[in-house]
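A.B. asks: Quick check, what structure comes out for this input:
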Amino acid sequence: IKIRLHDRSVELVVNIDENMPRILYGDEIRLKQVLINLLGNAVKFTKKGYIELRAGFEKMDETHCELRMSVKDTGIGIRAEDGKDIFSSFTQVDTKRNRSVEGAGLGLAISRNLVEAMGGTISFESVYGKGTTFSFTVISGVEDWSPVGSIDRWVSVTKDATFRISFLTRDARVLIVDDNEMNLEVAEGILSPYDIDVVKASSGAEAMIRFQERKYDIVLMDHMMPVMDGVEAMKKIRSMPGGRDVAMVALTANVISGVEEEYRKMGFDDYLGKPIEPEAMEEILKKFLPPEKMRSVDEAAEEKRTDASVPLMTENLNDYIDKEVGLKYCMGSTSLLNKMLAAFVSTSRCDSLEQLYREKNWDEYRIAVHSVKGTSLNIGATALHEEAKAIETAVKEDRFSYVDENHAAFVAYYRHLTALIEEHLKTLS
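C.D. replies: Numbering: from 1, shown residues only. Predicted coordinates:
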């Protein structure tokens, strides 16, 4: 939603009751779909002012509460004669006034059905020409009644502190295989504090050459690569001398239930989700490196190896990048984060996304969006990551109307962010 508002004079406001129970139990997917439908319609109809998402609750019994949520906008509003059919299928209000707004008003019938399936109700209030408020309730289970507190505070305390490595290595070597330069840099940045000899390959074919040249303890293999994918490359390396002795770990952004078992069936020893979490990488190293290649490190020595300071960023860039998230994926290193920002700019896929969209080459388009999803989170560009994730899912599910509706705003936001990063990098030089 934030991406779609970036070029408008519209503020997105979020108000969450600080007494909201910390852990709820319910249908997350349906709830998200309702919110996306309502917020999406608010974006379509609001050219200036604000959009407010508000959430509260009412306790029902010891294990349930009624969630009360609303989306309010300062858009064009709904005329009284249109209101009576607003939740009917395929109703689009004020067609004349919204001729340029494709799909305006759709999704409300679906939202009503979803809300009712969750034991709730949905309604609206509107003043034509001034704005609209959609309100709905759903029944939710409660697993922890302790108050969630301030959302700003909650977000800050749930972000991981800078990760500290717990050991160093001697004579350890890891091969990283990924067709994305930025992913290679990130993985190398995470491994370098361990004193690991890191070798990089940008394709399955190059990985086979590198594997022939030297002996490795672990191979980190990206699953989704062009020409020769990670599974084929892994199998070819397994057939080479020493291929059965090396630990093969798949790198994947598609982390879902049962994925570990699937990768083991393919022939991998384990997997790592992307973007790579430093903690998860350390667990892989502990699992597969021989004990004789690991040595202890004291905290004082480690402090000298990392830089947890926050990089200087322009005020505008701070609005687009969550520095805490970026530093988390860069081992708390300012210099590595700035290196990742430079790689993000140099590997921009804006032009290719535009071309692939025009050609309706959905397979290649999905792969490009998939890449943006990973690289954006590596630098802390969480909003871009979430929109890339949504578009990738839409392509997978053949929901091309969603892509048509969101592609232009997605790429425009991507270009704008890239330009802001370029300005930031100029200040460093």
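A.B. asks: so where's the stretch 1-150 of the chain shaky on pLDDT?
C.D. replies: 2-4, 6-7, 88-107 (pLDDT under 70).
A.B. asks: Convert stretch 31-46 to PDB, retaining C-alpha atoms only.
C.D. replies: Listed in PDB are the C-alpha atoms of stretch 31-46, where the atom choice follows Å, rounded to 0.1, in the frame of the first residue of the first chain:
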ATOM      1  CA  LEU A  31      -7.800 -11.400   7.300                       C
ATOM      2  CA  LYS A  32      -5.000 -10.100   5.100                       C
ATOM      3  CA  GLN A  33      -7.100 -10.500   1.900                       C
ATOM      4  CA  VAL A  34      -9.900  -8.400   3.500                       C
ATOM      5  CA  LEU A  35      -7.500  -5.700   4.500                       C
ATOM      6  CA  ILE A  36      -5.800  -5.600   1.200                       C
ATOM      7  CA  ASN A  37      -9.100  -5.300  -0.600                       C
ATOM      8  CA  LEU A  38     -10.300  -2.400   1.600                       C
ATOM      9  CA  LEU A  39      -6.900  -0.600   1.600                       C
ATOM     10  CA  GLY A  40      -6.600  -1.200  -2.100                       C
ATOM     11  CA  ASN A  41      -9.900   0.400  -2.900                       C
ATOM     12  CA  ALA A  42      -9.100   3.300  -0.600                       C
ATOM     13  CA  VAL A  43      -5.900   3.900  -2.600                       C
ATOM     14  CA  LYS A  44      -7.800   3.900  -5.900                       C
ATOM     15  CA  PHE A  45     -10.300   6.500  -4.700                       C
ATOM     16  CA  THR A  46      -8.100   8.800  -2.600                       C
END
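A.B. asks: list the buried ones in it?
C.D. replies: Applying a neighbour-count criterion of 16 or more other C-beta atoms under 10 Å, one finds 31, 34-35, 37-46 buried in stretch 31-46. Heads up, the C-betas are built off the backbone N, CA and C, glycines and all.
A.B. asks: could I get those residues as JSON lines with secondary structure and distance to S346?
C.D. replies: Output for the buried residues of stretch 31-46, formatted as JSON lines (DSSP: H, G, I helix; E, B strand; the rest coil; distance: C-beta to C-beta, whole Å):
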{"residue": "L31", "secondary structure": "helix", "distance to S346": "39"}
{"residue": "V34", "secondary structure": "helix", "distance to S346": "40"}
{"residue": "L35", "secondary structure": "helix", "distance to S346": "36"}
{"residue": "N37", "secondary structure": "helix", "distance to S346": "37"}
{"residue": "L38", "secondary structure": "helix", "distance to S346": "39"}
{"residue": "L39", "secondary structure": "helix", "distance to S346": "34"}
{"residue": "G40", "secondary structure": "helix", "distance to S346": "33"}
{"residue": "N41", "secondary structure": "helix", "distance to S346": "38"}
{"residue": "A42", "secondary structure": "helix", "distance to S346": "36"}
{"residue": "V43", "secondary structure": "helix", "distance to S346": "32"}
{"residue": "K44", "secondary structure": "helix", "distance to S346": "35"}
{"residue": "F45", "secondary structure": "helix", "distance to S346": "39"}
{"residue": "T46", "secondary structure": "coil", "distance to S346": "36"}
